[in-house]
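S.K.: Make a model of this:
(one chain, ligands or ions: 1)
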Amino acid sequence: MVLFAIGQLTSTSSLSHNLTQCRLLISRAAALNCKALFLPEASDYIASSPSESLSLCQPTNKSEFVTGLRHEAKKHNLAIHVGIHEPSWADPKNKIRNTVIWIDDQGHIVHTYQKVHLFDVDLGDSGGPVLKESEIVERGDRVQEVWELKGVGKVGSAICFDLRFPEINLALRRKGAEIVTYPSAFTVSTGKAHWETLLRARAIETQSYVVAAAQVGRHNEKRVSYGHSMVVDPWGRIVTEIKGQDEGEESGPEPEIATAVIDRELLAKVRREMPLNRRTDVYPEV
Ligand SMILES: O=C(O)CNC(=O)[C@H](CS)NC(=O)CCC(=O)C(=O)O
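M.R.: Numbering: from 1, shown residues only. This next block holds a predicted model:
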């Protein structure tokens, strides 16, 4: 069985610092002979304001962060799935895209997905975050095709807040996904309330592996992320989990990886023993 890793880090507004953190995670995954590494949403940077986020955004072919990762992927023969920002095509001055790219083990970008659901919330009265992602982020308009990760299985991508929408998960399953990945940057308050439950529900409802690499710790004076990156199996069990942000603690955990394998026999067994035959004569097909 092929070993893969999830990586957890604290991205800041310094792309070179974030690249250094990712390089460390890559070298650890490569040293353990992993064939793929899944990194969080917005690994390239997390800015402290919408205008800073806009100013840091570069086209993928000009980004030192992406170029650096492509180089590492080729050097170590390690495929990398990573969340980044890209300028909007329609409105590059005012809008960015929250995307995830799949870099193969030769350093080529072979797959990309643009976040469909944007995180616009006002939980201020409940002691939670106030964020309006749609102010500068252009939303994606399609569920992407699933792709084959050699020796591992068929992977479908969604990003962070997409996790709250089972429709994406069901659509990916219908396209043949065996593994669904949710690179994320969950807030601490919503993470504590919902992160593990949502990930396990997504795994159980489609009888798929869920691979969730997440940002952790303090990015800037305004943003802290929950962490708790994990892999969940098709029966809903947590296979591996990385430490999260402790309540009230100022500094978060150090960058870290955790490894796992996809057990194809378990995947087949869960799907065989409890077939989830949908009643699309009763409710609409997603
Ligand atoms: O801002 C960036 O650069 C990176 N993007 C994010 O951090 C996004 C949008 S603000 N965060 C989420 O979607 C958190 C979802 C969440 O926490 C929940 O669903 O509870």
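
S.K.: ok, which residues in the stretch 101-250 of the chain are in contact with the ligand?
M.R.: Proximity of the stretch 101-250 of the chain to the ligand (C-beta under 6 Å from any ligand atom) is limited to residues 119, 131, 133, 160, 161, 164, 185, 186, 187, 190. In this view, the C-beta of every residue, glycine as well, is placed from N, C-alpha and C.

S.K.: what are the ranges of the helices in the stretch 151-286 of the chain?
M.R.: 166-174, 188-190, 196-206, 264-273 (DSSP state H, counting those that start in this stretch).

S.K.: what's the closest of those helices to residue 227?
M.R.: Among these, the nearest to residue 227 by C-beta to C-beta is helix 188-190 (8.8 Å).

S.K.: Give me the contacts around that closest one.
M.R.: Helix 188-190 has contacts (C-beta atoms under 8 Å, 6 or more residues apart in numbering) with 123, 126, 127, 128, 129, 224, 225, 226, 245, 247.

S.K.: try stretch 24-37
M.R.: 2-7, 9, 39, 69, 72-73, 76-81, 105, 149-152, 255-257, 259.

S.K.: Next up, identify which helix or strand residue 72 is on.
M.R.: helix 64-76 (DSSP states H and E).

S.K.: List the buried residues in that helix.
M.R.: Judged by neighbour count using 16 or more other C-beta atoms under 10 Å, the buried positions of helix 64-76 are 65, 66, 68, 69, 70, 72, 73, 76.

S.K.: got a markdown table for those, with distance to residue 94 too?
M.R.: Listed next are the buried residues of helix 64-76 as a markdown table, based on distance: C-beta to C-beta, whole Å:
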| residue | distance to residue 94 |
| --- | --- |
| 65 | 22 |
| 66 | 22 |
| 68 | 27 |
| 69 | 27 |
| 70 | 28 |
| 72 | 32 |
| 73 | 32 |
| 76 | 37 |
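
S.K.: ok, and which of these reach the ligand?
M.R.: Of the buried residues of helix 64-76, not one also sits near the ligand (C-beta under 6 Å from any ligand atom).

S.K.: so what secondary structure elements neighbour the helix holding residue 72?
M.R.: Applying 3 or more C-beta pairs under 8 Å, 6 or more residues apart in numbering; DSSP states H and E, one finds that helix 64-76 contacts helix 15-31, strand 79-87, strand 96-103.

S.K.: what's residue 107 in contact with, if anything?
M.R.: Residue 107 neighbours (C-beta under 8 Å, 6+ apart): 70, 71, 73, 74.

S.K.: ok so, going back, mind giving me the ChimeraX select for the contacts of helix 188-190, buried ones only?
M.R.: Of the contacts of helix 188-190, the buried ones can be selected in ChimeraX as follows, counting by 16+ other C-beta under 10 Å:
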select :128,129,224,225,226,245
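
S.K.: Tell me which of the contacts of helix 188-190 has the lowest pLDDT.
M.R.: Lowest pLDDT of the contacts of helix 188-190: residue 247, 67.

S.K.: Tell me which residue in the stretch 101-250 of the chain sits closest to the ligand.
M.R.: residue 190 (3.0 Å; C-beta to the nearest ligand atom).

S.K.: Low-confidence ranges, the stretch 51-200 of the chain, go.
M.R.: For the stretch 51-200 of the chain, no stretch is flagged by pLDDT under 70.
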